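Student: got a predicted model here, sequence first, then my questions.
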Amino acid sequence: MNQVIAEFCVKTYSFLLPVAWVGIAIVVLVLLPMALFRATRPAAGTGIFFSSYLFGLTTWFLGATVTFVTWGWVGLLIGLFIAGVGVVPIGILAAFISLKEPALGFSLIVMLVIVFATRMGGMALVESNGKV
(Lines give C-alpha, C1' and ligand atoms only; values in the text may rest on other atoms or scores of the structure.)
Protein backbone atom coordinates (compact mmCIF):
# COMPACT_ATOMS: atom_id res chain seq x y z
CA MET A 1 0.00 0.00 0.00
CA ASN A 2 2.83 2.42 0.84
CA GLN A 3 4.40 1.81 -2.56
CA VAL A 4 1.10 2.55 -4.33
CA ILE A 5 0.63 5.88 -2.54
CA ALA A 6 4.22 6.95 -3.13
CA GLU A 7 3.98 6.02 -6.83
CA PHE A 8 0.67 7.89 -7.18
CA CYS A 9 2.16 11.04 -5.65
CA VAL A 10 5.27 10.83 -7.83
CA LYS A 11 3.27 10.19 -11.02
CA THR A 12 0.85 13.00 -10.27
CA TYR A 13 3.70 15.41 -9.52
CA SER A 14 5.52 14.28 -12.67
CA PHE A 15 2.39 15.04 -14.69
CA LEU A 16 1.73 18.39 -13.01
CA LEU A 17 5.28 19.76 -13.19
CA PRO A 18 5.41 20.34 -16.98
CA VAL A 19 1.85 21.68 -16.88
CA ALA A 20 2.93 24.13 -14.15
CA TRP A 21 5.91 25.24 -16.28
CA VAL A 22 3.51 25.99 -19.13
CA GLY A 23 1.37 27.87 -16.60
CA ILE A 24 4.36 29.95 -15.51
CA ALA A 25 5.16 30.72 -19.15
CA ILE A 26 1.57 31.85 -19.75
CA VAL A 27 1.64 34.03 -16.63
CA VAL A 28 4.94 35.66 -17.55
CA LEU A 29 4.47 35.99 -21.32
CA VAL A 30 0.73 36.66 -21.57
CA LEU A 31 -0.92 37.61 -18.29
CA LEU A 32 1.71 39.95 -16.84
CA PRO A 33 1.83 42.06 -20.02
CA MET A 34 -1.99 42.11 -19.98
CA ALA A 35 -1.82 43.48 -16.45
CA LEU A 36 -0.13 46.61 -17.74
CA PHE A 37 -3.34 47.77 -19.41
CA ARG A 38 -6.27 48.94 -17.33
CA ALA A 39 -8.87 47.29 -19.58
CA THR A 40 -7.33 43.82 -19.39
CA ARG A 41 -6.08 44.00 -15.80
CA PRO A 42 -9.04 42.14 -14.22
CA ALA A 43 -8.78 39.30 -16.76
CA ALA A 44 -5.03 39.06 -16.17
CA GLY A 45 -5.57 39.04 -12.41
CA THR A 46 -8.17 36.31 -12.69
CA GLY A 47 -5.85 34.19 -14.82
CA ILE A 48 -2.94 34.70 -12.45
CA PHE A 49 -5.14 33.93 -9.45
CA PHE A 50 -6.38 30.66 -10.96
CA SER A 51 -2.87 29.67 -12.02
CA SER A 52 -1.89 29.80 -8.34
CA TYR A 53 -4.09 26.73 -7.79
CA LEU A 54 -2.13 24.79 -10.40
CA PHE A 55 1.11 25.86 -8.75
CA GLY A 56 -0.30 25.02 -5.32
CA LEU A 57 -1.40 21.55 -6.40
CA THR A 58 2.03 20.86 -7.88
CA THR A 59 3.72 22.06 -4.68
CA TRP A 60 1.32 20.04 -2.53
CA PHE A 61 2.04 16.80 -4.37
CA LEU A 62 5.81 17.32 -4.12
CA GLY A 63 5.46 18.09 -0.40
CA ALA A 64 3.23 15.03 0.10
CA THR A 65 5.71 12.83 -1.76
CA VAL A 66 8.70 14.03 0.24
CA THR A 67 6.76 13.78 3.50
CA PHE A 68 5.40 10.30 2.83
CA VAL A 69 8.64 8.83 1.48
CA THR A 70 10.67 10.30 4.34
CA TRP A 71 8.42 10.07 7.39
CA GLY A 72 5.72 7.67 6.22
CA TRP A 73 2.12 7.61 7.36
CA VAL A 74 2.84 9.50 10.58
CA GLY A 75 4.29 12.52 8.78
CA LEU A 76 1.62 12.44 6.09
CA LEU A 77 -1.26 12.25 8.59
CA ILE A 78 0.21 15.02 10.74
CA GLY A 79 0.58 17.15 7.61
CA LEU A 80 -2.97 16.43 6.51
CA PHE A 81 -4.35 17.33 9.93
CA ILE A 82 -2.68 20.76 9.71
CA ALA A 83 -5.48 22.17 7.53
CA GLY A 84 -4.63 19.69 4.76
CA VAL A 85 -1.69 21.79 3.60
CA GLY A 86 0.79 20.91 6.31
CA VAL A 87 2.47 18.32 4.11
CA VAL A 88 4.41 21.10 2.38
CA PRO A 89 6.06 22.54 5.52
CA ILE A 90 6.64 19.01 6.80
CA GLY A 91 8.15 18.11 3.41
CA ILE A 92 10.44 21.12 3.72
CA LEU A 93 11.56 19.96 7.16
CA ALA A 94 12.01 16.40 5.90
CA ALA A 95 14.15 17.61 2.99
CA PHE A 96 16.43 19.59 5.29
CA ILE A 97 16.54 17.29 8.32
CA SER A 98 16.10 13.69 7.20
CA LEU A 99 17.11 13.73 3.55
CA LYS A 100 19.84 16.34 4.01
CA GLU A 101 18.83 17.74 0.61
CA PRO A 102 18.76 21.52 1.02
CA ALA A 103 18.16 22.01 -2.73
CA LEU A 104 14.87 20.10 -2.42
CA GLY A 105 13.89 22.10 0.66
CA PHE A 106 14.67 25.40 -1.07
CA SER A 107 12.76 24.26 -4.16
CA LEU A 108 9.68 23.66 -2.03
CA ILE A 109 10.12 27.07 -0.41
CA VAL A 110 10.42 28.80 -3.79
CA MET A 111 7.36 26.91 -5.07
CA LEU A 112 5.44 28.02 -1.98
CA VAL A 113 6.47 31.64 -2.57
CA ILE A 114 5.29 31.38 -6.19
CA VAL A 115 1.92 30.04 -5.01
CA PHE A 116 1.33 32.88 -2.58
CA ALA A 117 2.75 35.55 -4.91
CA THR A 118 0.46 34.55 -7.76
CA ARG A 119 -2.54 34.21 -5.46
CA MET A 120 -2.08 37.62 -3.81
CA GLY A 121 -0.91 39.31 -7.01
CA GLY A 122 -3.90 38.01 -8.93
CA MET A 123 -6.30 39.21 -6.23
CA ALA A 124 -4.61 42.62 -6.14
CA LEU A 125 -4.92 42.98 -9.91
CA VAL A 126 -8.61 42.08 -9.86
CA GLU A 127 -9.28 44.54 -7.03
CA SER A 128 -7.30 47.33 -8.72
CA ASN A 129 -9.76 47.57 -11.59
CA GLY A 130 -9.77 51.19 -12.75
CA LYS A 131 -6.97 52.26 -10.40
CA VAL A 132 -3.55 53.32 -11.65
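Tutor: Ah, there it is.
Student: for the protein, longest helix please?
Tutor: Criterion DSSP state H: the longest helix present in the chain is helix 41-81.
Student: so how far is Val19 from Ile97?
Tutor: 30 Å (Cβ to Cβ, to the nearest Å). In short, each C-beta sits where N, CA and C put it, glycine included.
Student: my bad, should have said Gly72
Tutor: Applying Cβ to Cβ, the value for Gly72 to Val19 is 28 Å.
Student: who's in contact with the nearest residue to Val88 once chain neighbours are set aside?
Tutor: Excluding the flanking residues, the one nearest Val88 by Cβ to Cβ, 6 or more residues apart in numbering is Gly63, at 3.5 Å. Counting by Cβ atoms under 8 Å, 6 or more residues apart in numbering, Gly63 makes contact with 79, 87-92, 108.
Student: most neighbours, which of those?
Tutor: Within the contacts of Gly63, most neighbours by other Cβ atoms under 10 Å means Gly91, with 31 neighbours.
Student: check the secondary structure at that residue for me.
Tutor: helix (DSSP: H, G, I helix; E, B strand; the rest coil).
Student: that one against Val69, yeah?
Tutor: No. Gly91 is beyond contact range of Val69, at 9.4 Å (criterion: Cβ atoms under 8 Å).
Student: helix or strand: which one has Ala117?
Tutor: Ala117 belongs to helix 102-127 when assigned by DSSP states H and E.
Student: give me the buried positions along that helix.
Tutor: 104-105, 107-109, 111-112, 114-115, 118-119, 121-122, 125-126 (16 or more other Cβ atoms under 10 Å).
Student: which helices and strands sit right next to it?
Tutor: helix 41-81, helix 87-97 (3 or more Cβ pairs under 8 Å, 6 or more residues apart in numbering; DSSP states H and E).
Student: tell me which residue lies nearest the centroid of this protein.
Tutor: With distances taken as Cα atoms, centre = their mean, Gly56 lies nearest the centre of the chain, 2.7 Å away.
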